[in-house]
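S.K.: coords please:
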Amino acid sequence: MPKSADFIAAIHTSFRGAQIKKHKYLDINSGDLHRLLGYYPGPDHRMPLCCGAMRKEMKQGDQILNQPPKGNGASLTIRYQLPRP
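M.R.: The predicted structure follows:
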């Protein structure tokens, strides 16, 4: 089962890849991120942890592009500005 640290590590890996390509921002969707690490969709998903990790990595200038009504779900999408500090 993925832990919060696993989601954060995957986010950081995505940041590095996008920065190498000189992107100005990176959009990450929680459903895609969770599928990358496994157990989603499924009864043992860790979507609240995934969404929490995504929000934890937000800095000034980042923005939530989409989120489900209750806040946590597969449609959460955050635009992270690059480069990251």
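S.K.: show me the contact partners of the helix or strand that contains residue 64.
M.R.: Using DSSP states H and E, residue 64 sits in strand 63-66. Strand 63-66 has contacts (Cβ atoms under 8 Å, 6 or more residues apart in numbering) with 27, 75-79. C-beta: built from backbone N, CA, C; applies to glycine.
S.K.: and the pLDDT for the residue nearest to the spatial centre of the chain?
M.R.: Computing the C-alpha centroid of the chain and ranking residues by Cα atoms, centre = their mean puts residue 54 first, at 4.2 Å. On pLDDT, residue 54 comes in at 98.
S.K.: how about the helix or strand where it lies as PDB, C-alpha atoms only?
M.R.: Per DSSP H and E: residue 54 is located in helix 47-56. The C-alpha atoms that make up helix 47-56 are tabulated as PDB, following Å, rounded to 0.1, in the frame of the first residue of the first chain:
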ATOM      1  CA  MET A  47      -6.900   8.700  -2.200                       C
ATOM      2  CA  PRO A  48      -7.100  10.800   0.900                       C
ATOM      3  CA  LEU A  49      -3.400  10.300   1.500                       C
ATOM      4  CA  CYS A  50      -2.700  11.000  -2.200                       C
ATOM      5  CA  CYS A  51      -4.700  14.300  -2.100                       C
ATOM      6  CA  GLY A  52      -3.100  15.300   1.200                       C
ATOM      7  CA  ALA A  53       0.400  14.800  -0.200                       C
ATOM      8  CA  MET A  54      -0.500  16.800  -3.300                       C
ATOM      9  CA  ARG A  55      -1.800  19.700  -1.200                       C
ATOM     10  CA  LYS A  56       1.300  19.500   1.200                       C
END
